[in-house]
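Engineer: this is a predicted model, with the sequence first.
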Amino acid sequence: MSFSSLIGVGIVYFLADRRDNAQHVRWTMDWLWLTIVVLPLLGFFFLRAPFPSLEFDNLNYHFVNAERALSGWPMRAGDFFPGTVLPNPAPDMVFGIARHLLGYRLAPLLNVACLLWTAALIDQFLRTFVPNRILRYLAVLGILTTEPIEAVVNTPMIDLLALPLLLSCLLLIIKLPEERSRDRVLIRIALFLGISLALKLTAVVFVLPLMALLLYQLRVVLIRQNYYPARRNLVLAAAGLILPSAFFFGYMYQLTLNPFFPFYNNIFRSPFIAAANFKEITMGPRSVLEILHWPLSSFLDPNRLFISSHDSWYAGRLQLGVVSAIALLLMKKTPASIRQVSIVLLGGAWLWAFSSGIIRYANFAETLAGILCVYLFSYTYQKATSLQAHHVGKLKSQMAVVLLTLVLAFQFSASLWYGLTYYYCSNGTHLCDGIMQPQPFNRFTGPTLQAFNLKMKAAYDPKKAATYFQEAAFMFRDRNAQDFLTAKDREQFKDVRVWINTYDGTSAFMVIAAPDAPIISVAKFLDIFDYMTSPETRLRVRGLINSHRSEKIYTLLLIDHFEEARTAINRVPMGFHFGNVQSVSLPAFSPANRTDLLLVEIVID
C-alpha cells in the first residue's frame, strides 16, 4: 500500500504545474502536458484494456503468488511452490490490491501511473537543454515509446514498477551536491533503491551503478564541502536499503536455506535444488564473448531479447543509447549530469548483459538511452545553428543533425509501430490459437512481421476485436474471478481438495477453479530448473501428497500439454500417476473468454 501511495503522489505531481520555483503554492493544470503526454499514454492503454490479460507469466506464477500473499504468507499450509517459482510477491500484491480496487482489466493502470511519474522525471532531465515545452513533451513521449515498455503496459507484469524509483534516485544523486538537506535525500535514495530491489530483483544491475555514483557524489561533497552524514541517518539509510526485501529473503532462507532460492544455489547450497546458477538457455547472450558485445549487437537477434514473443522485432533504442553514451563521454564539453547518466547507462547495460540480457529487464537503460539521444540531438542542433561556429564545423554539424534526425525518426517511429501492432498469444483451446488482446492495428501485424521474414503465430480475428464494448462492460465488475463461474463451472471442480501443478501455465486456473485447495508443484520451471531432481524435494513432496491420500487430488492442464505432462511426471519417481481425465472449460474474467482444459485425477501409488 505504501508504494500505491507513492504512485498516487506521482499522479498528482505530473498533472500539476512542475515549475522549480518553490514559492508557487497554487497548483495549476498543464494542458499541454495533459494533451501531449497523458492522453496518448491513456489512449494506448485503453486500446487493449477491455480484454483481460492472460499473459503466460501471470498464469504461471504471478496470479497465484499475489493471491497467496494477500491472504497471508506466500505459501499456505500444504503448498509447495504453487507457481513453481516464488519471487518476492510484493509487486504482485500491489497489482492484487489494484485488482480488488479497480478490477482485473483496469489494474494495469498502475503501469500507466508509473509511466506518467517517469515522464515527469524525464521532463526534469530535459528542461536544461530542451527549453521549448511542446518539443520537450514530445521528446518525453518518444522516450517512453520503447518496445519492452509498450509490451507490458496492458498486463499485470511487474517490470515497470521500479522504473520511476530508479530514475528518481538518479536525479537525486546528480543533484546531491546542491541539496541542503543531504541526509534526508540520502535516506530517500536508499529507500527508493531498497524498494526497487523488492519490486524487481533484476533491478540490481542498475542499483549497483547508482550506488557507485552515489558514493562518488558523497566523496565530492566530502572533499569540497566537508560534509559527513550523521551516523543515525546512515543507519536509517541502510535500513531503507535492506528492510524492503529483508523479510522475504528471511522467509525464503528459513524455508530453503537460500534467500534467493532457486537462484545462486551454487553459493547457498539449498538441499531442495541442484547447486548451480540457473539462466535462460534460449534468451540472452550465450558466452562470455557475446556478453561483451551484447549491449551493442543484441538488436540483430531480437528473438533472444524476448520482448513479448518469439516473433518480435526491435528497433535498437538501447544500442543507440550505448553509442551516444560513449560519444558523450569522449566529448569535452558534455555537462557533468549527462556524463553521469552515460556512466550509469554503460555500467548498467553491461551488468544487464552479464545477468540476463533480456530486454524486458532493461527498461531503465532504455529510458536513459532515450534521454541521451535527445541530448545529443539537441547539442548537435545547437552547434549546427550557431552563428559563431566555423563554416566547416557548422557544415559537419548540419550533416550530423540530418543523420541523427533520420536515425532517431526511424527508431522512434519503429518503436511506436511495434507498440501498436505487437500481440500476446491466447491459449483458449490450444497454444497460441488467437490474440490475447486484439485491436484493429493487429490487422497490420502479419504484414509487418513478413517484412522482417517472421511469421505471425496467431491469426487476427476482427470479430473478437469487435467485442471491445461488450468486454468493456465488465470494467470495475471483474474484481473476483469466481464471479464469472456458472453453477456448471463450479460443479466441475466440486471434488477438488488438492491441486498438483504438473506443467507450466495453469496455476492461475487452479486458483480460479478451487481457490482454497493447496497447490503442490512438481513441474519444471520451463527448461531452466527442476526441483524434483533433489532427493530432499522429492521427500517433502511425497510427504505432502501422502498427507492428502484420503482426499481427491487433481491437476489441470492445457489440452496441448497433456502428453508432455504425463511424460514429465515420470522423469523421477514421484509416487503418483494420472488417472481419469475430464474435459472442462473455465472462464477467465470474461464469460466469452473461456479456456478448454483437462481435469486429471491424480492416483497415488
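Structural biologist: That came through fine.

Engineer: just say helix, strand or coil for D596.
Structural biologist: Secondary structure, DSSP: H, G, I helix; E, B strand; the rest coil: D596 is strand.

Engineer: isn't it right up against S583?
Structural biologist: Yes - here D596 lies in contact with S583, judged by C-beta atoms under 8 Å, at a distance of 6.9 Å. To be clear about C-beta, it is placed using only N, CA and C from the backbone, and glycine gets the same treatment.

Engineer: those two: which has the busier surroundings?
Structural biologist: D596 (15 against 10; other C-beta atoms under 10 Å).

Engineer: for that one, give the beta-bridge partners.
Structural biologist: According to DSSP bridges, the residues that bridge with D596 are S585.

Engineer: what's the overlap in contacts for D596 and S583?
Structural biologist: I559 (C-beta atoms under 8 Å, 6 or more residues apart in numbering).

Engineer: gap between stretch 91-110 and the chain center?
Structural biologist: 15 Å (C-alpha atoms, centre = their mean, to the nearest Å).

Engineer: can you list the buried residues in the longest helix along the chain?
Structural biologist: When the chain is parsed with DSSP state H, its longest helix is helix 391-421. Neighbour counts over helix 391-421 (16 or more other C-beta atoms under 10 Å) mark 394, 397-398, 400-401, 404, 408, 411-412, 414-421 as buried.

Engineer: pLDDT below threshold where in the chain?
Structural biologist: Low-confidence segments of the chain, defined by pLDDT under 70: 1-28, 307-310, 387-393, 428-429.

Engineer: on the three-state scheme, the residue nearest to the spatial centre of it is what?
Structural biologist: For the chain, the residue sitting closest to the mean C-alpha position, by C-alpha atoms, centre = their mean, is D159 at 1.5 Å. Under the three-state scheme (three-state DSSP), D159 adopts coil.

Engineer: repeat for S583
Structural biologist: Assignment for S583 (three-state DSSP): strand.

Engineer: now do the contacts for it.
Structural biologist: 559, 596-599.

Engineer: these, buried ones only, as a ChimeraX selection?
Structural biologist: In ChimeraX, this line selects whichever of those come out buried by 16+ other C-beta under 10 Å:
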select :597,598,599
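
Engineer: excluding chain neighbours, what is closest to M532?
Structural biologist: Leaving aside its chain neighbours, M532 sits nearest to V572 (5.1 Å; criterion: C-beta to C-beta, 6 or more residues apart in numbering).

Engineer: for that neighbour, what are its contacts?
Structural biologist: V572 touches 532-533, 538, counting by C-beta under 8 Å, 6+ apart.

Engineer: so how far is F484 from the closest residue to L416 other than its chain neighbours?
Structural biologist: Leaving aside its sequence neighbours, L416 sits nearest to T145 (C-beta to C-beta, 6+ apart; 5.0 Å). Using C-beta to C-beta, to the nearest Å, T145 is found at 34 Å from F484.

Engineer: more neighbours: which of these two?
Structural biologist: More crowded of T145 and F484, by other C-beta under 10 Å: T145, with 25 against 22.

Engineer: buried sites along the helix or strand that T367 is a member of?
Structural biologist: Counting by DSSP states H and E, the element that carries T367 is helix 363-385. Residues of helix 363-385 classed as buried: 363-381, 383-384 (neighbour count, 16+ other C-beta under 10 Å).

Engineer: quick one, that helix and helix 391-421 angle?
Structural biologist: Here helix 363-385 runs at an angle of 150 degrees relative to helix 391-421 (axes from the mean of the first three to the mean of the last three C-alpha atoms, to 10 degrees).

Engineer: what are the phi and psi values at V205?
Structural biologist: phi -70, psi -20 (degrees, to the nearest 10).

Engineer: just to revisit the earlier point, weed out the non-buried ones from the contacts of V572.
Structural biologist: Buried among the contacts of V572 (16+ other C-beta under 10 Å): 532, 538.

Engineer: could you list which of the contacts of V572 belong to helices?
Structural biologist: Going by DSSP H, the helices hold R538 from these.

Engineer: turn the contacts of V572 into JSON lines, including distance to A119.
Structural biologist: Listed next are those as JSON lines, based on distance: C-beta to C-beta, whole Å:
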{"residue": "M532", "distance to A119": "46"}
{"residue": "T533", "distance to A119": "46"}
{"residue": "R538", "distance to A119": "50"}
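
Engineer: surely I338 meets C373?
Structural biologist: No - in this structure, I338 is not within contact of C373 by C-beta under 8 Å, at 11.5 Å.

Engineer: about what we covered before: and the contacts of V572, which is closest to L300?
Structural biologist: T533 (35.2 Å; C-beta to C-beta).

Engineer: now do the same contact list for that closest one.
Structural biologist: With C-beta under 8 Å, 6+ apart, T533 has these contacts: 273-274, 572.

Engineer: run the last query once more with 7 Å
Structural biologist: 274, 572 (C-beta atoms under 7 Å, 6 or more residues apart in numbering).

Engineer: going forward, the N-terminal residue is numbered 38.
Structural biologist: With 38 as the first residue, the last one maps to T570.

Engineer: roughly how far apart are it and A313?
Structural biologist: 10 Å.

Engineer: same question, A114
Structural biologist: 30 Å.

Engineer: next one: P124
Structural biologist: Counting by C-beta to C-beta - P124 and A313 are separated by 18 Å.

Engineer: list the buried residues of stretch 492-501.
Structural biologist: Neighbour-count burial for stretch 492-501, counted by 16+ other C-beta under 10 Å, picks out 493-495, 497, 501.

Engineer: got these as a markdown table, with distance to A602 and secondary structure columns?
Structural biologist: Listed next are those as a markdown table, based on distance: C-beta to C-beta, whole Å; DSSP: H, G, I helix; E, B strand; the rest coil:
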| residue | distance to A602 | secondary structure |
| --- | --- | --- |
| M493 | 28 | coil |
| K494 | 22 | coil |
| A495 | 23 | coil |
| Y497 | 30 | coil |
| K501 | 28 | helix |
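
Engineer: next, count neighbours for I279.
Structural biologist: Neighbours of I279 under the rule other C-beta under 10 Å: 13.

Engineer: so it sits right up against G231, yeah?
Structural biologist: Yes - I279 lies in contact with G231 (C-beta atoms under 7 Å); the separation is 6.4 Å.

Engineer: can you give me the strands in this protein?
Structural biologist: Assigned by DSSP state E, the chain shows strands spanning 462-463, 471-472, 535-538, 556-558, 590-595, 613-624, 631-641.
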